[in-house]
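Q: Take this sequence and fold it.
(one chain, ligands or ions: 1)
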Amino acid sequence: MRIDTLELLRCPYCGGRLSLVESLFHRSTSEEIHDGILGCHCCVFPVIDGIPVLHLLPGASQAREQVQAERPDLARRTMFGLDDEAHAERFDAIASSDRATYRDTVEALGPNFEGGYFLYRFSDPTYIVASAVARSVAAAVLRPGQRAIDICGGSGHITRSLLDLSAAPTVLADLYFAKVWLARRFTAPGCEPVCCDGNAPMPFARGAFGFAMCTDAFMYIWTKRQFVGEMERLVDPAGAVLIGHTHNERTWSPSHGQPLSPEGYADLFETIEPRLFGEGNLFADVVAGGPLDLTRRDDQATLDASPALTIVASRHPGVFARHPLEQPAVTGELRINPLYTQQAEGEHLRLTLAFPNEEYAEEYGACLQYLPQTLTLERSVVASLAAGRVSDEMIDLRRRKVIVDLPKRYY
Ligand SMILES: [Zn+2]
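A: All right, here's what the predicted structure looks like:
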């Protein structure tokens with residue numbers, strides 16, 4: 001972790017500042033802390049492999065003891081949940097290899113990690129809406145030097161879409177060490193990961209951020225009132241809070257969680273008035289290529305019938321506007337969407353959409369609104385992809401998610 005990140009961090013329990021305990025084992029430079037112990041008025045927390053772990057769940061306490069015992073290698077294994085020696089050694093070998101991909105690393109963590117759809121994440125309907133809304137709102141409110149935070153951001157897929165909007169590193173907060181570790185290494189390089197518990201007070205200073213978001217996770221938070229109060233506390237008075245893709249109590253959806261009704265969500269906000277949007281209309285804006293219309297006022301019937309809601313709270317006049325959707329600069333590698341099978345036909349390449357399974361088709365089938373079932377590309381287009389050249393045709397293919405900007409060494 002960067003030393004200057006200590007300016008943002010506060011103990012989740014006493015609210016005190018955190019500093020490196022110099023008398024205990026640590027590995028640090030004038031700019032970074034790699035391993036060590038942070039202390040406040042009430043407590044101590046470990047930094048493991050450059051990631052502060054600011055909660056007191058059982059693994060974290062064990063890992064802190066291991067850091068204090070000068071075994072940061074064992075502390076990292078504890079945080080990855082690797083208690084079998086042979087498995088831990090296999091994982092350590094992958095984690096220290098420069099050639100290992102995100103996929104290799106996820107697979108080395110075991111079959112229960114990440115659920116398997118990560119390959120398709122950057123083109124799924126939930127992602128494209130969340131990414132468009134996050135970029136639009138963040139770009140409207142972030143002033144030079146201000147930061148964004150992605151809370152419960154998992155392995156950083158949406159965090160990645162915020163990185164170019166601010167010179168100060170975007171903070172990614174999540175309970176799961178393995179996920180934020182993967183984000184920093186692969187998905188969102190340059191983000192600043194912090195491990196913390198979404199059901200506890202958030203370990204950050206008041207007003208430390210211009211933009212705070214949480215997407216596709218809020219329905220799993222039990223302490224919703226505290227969580228929203230904390231998001232309101234974290235942003236400065238002209239900032240914005242975004243809760244993206246949260247399920248609606250009035251509809252059924254797969255992986256339902258403990259959702260609230262639209263009014264229930266609105267009532268969580270005490271200091272900034274929120275606006276709720278049904279995800280469907282925002283999705284239609286994105287599929288049409290923009291603008292993303294945040295001036296709209298969805299009526300009660302629309303909200304009640306929406307399986308997923310997006311909530312935006314801000315006093316900034318630039319937020320509730322029509323936002324043009326521009327494609328961000330390529331930061332990874334342009335590749336053909338892995339949902340397509342590829343078949344060579346002379347000078348052409350025939351792409352055919354093939355969902356990984358029925359469940360995927362059921363949950364993410366709305367991608368048929370932008371992904372063609374089949375299409376034929378000239379091989380020269382594919383060759384120019386590899387060379388990093390961007391043609392007009394490619395801009396259109398990218399807009400339709402036939403071509404996606406995947407993180408380097410993704411799979
Ligand atoms: Zn404390």
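
Q: and the closest residue to residue 217 other than its chain neighbours, how many neighbours does it have?
A: Closest residue to residue 217 apart from its sequence neighbours, by Cβ to Cβ, 6 or more residues apart in numbering: residue 152 at 3.7 Å. For glycine as for every other residue, the C-beta is placed from the backbone atoms N, C-alpha and C. Using other Cβ atoms under 10 Å, residue 152 has 21 neighbouring residues.

Q: ok, now which ones touch residue 152?
A: If you count contacts by Cβ atoms under 8 Å, 6 or more residues apart in numbering, residue 152 has them with 173, 174, 175, 198, 214, 217, 218, 220, 221.

Q: for residue 366, same thing?
A: 125, 283.

Q: Equivalent analysis for residue 35, please.
A: 25, 26, 27, 46, 47, 48, 49, 50, 67, 72, 75.

Q: Quick check on these: which are buried?
A: Applying 16 or more other Cβ atoms under 10 Å to these, the neighbour count classes 26, 46, 47, 48, 49, 50, 67, 72, 75 as buried.

Q: Within range of the ion, give me the residues from this protein.
A: Residues of the chain lying near the ion by Cβ under 5 Å from the ion: 11, 13, 14, 16, 40, 42, 43.

Q: now those in TSV, with distance to residue 370 and secondary structure?
A: Formatted as TSV, these follow (distance: Cβ to Cβ, whole Å; DSSP: H, G, I helix; E, B strand; the rest coil):
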residue	distance to residue 370	secondary structure
11	45	coil
13	46	coil
14	49	coil
16	49	coil
40	48	coil
42	51	coil
43	48	coil
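
Q: possible to save these as a markdown table with neighbour count?
A: Shown next, in a markdown table, are the residues of the chain next to the ion (neighbours: other Cβ atoms under 10 Å):
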| residue | neighbour count |
| --- | --- |
| 11 | 20 |
| 13 | 16 |
| 14 | 12 |
| 16 | 14 |
| 40 | 20 |
| 42 | 10 |
| 43 | 16 |
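
Q: Give me the below-cutoff pLDDT ranges for the protein.
A: The chain contains residues with pLDDT under 70 at 114-116.

Q: in the lengthiest strand in it, what counts as buried?
A: Taking DSSP state E as the criterion, the chain has its longest strand at strand 235-247. For strand 235-247, the neighbour count (16+ other Cβ under 10 Å) marks 235, 236, 239, 240, 241, 242, 243, 244, 245, 246, 247 as buried.
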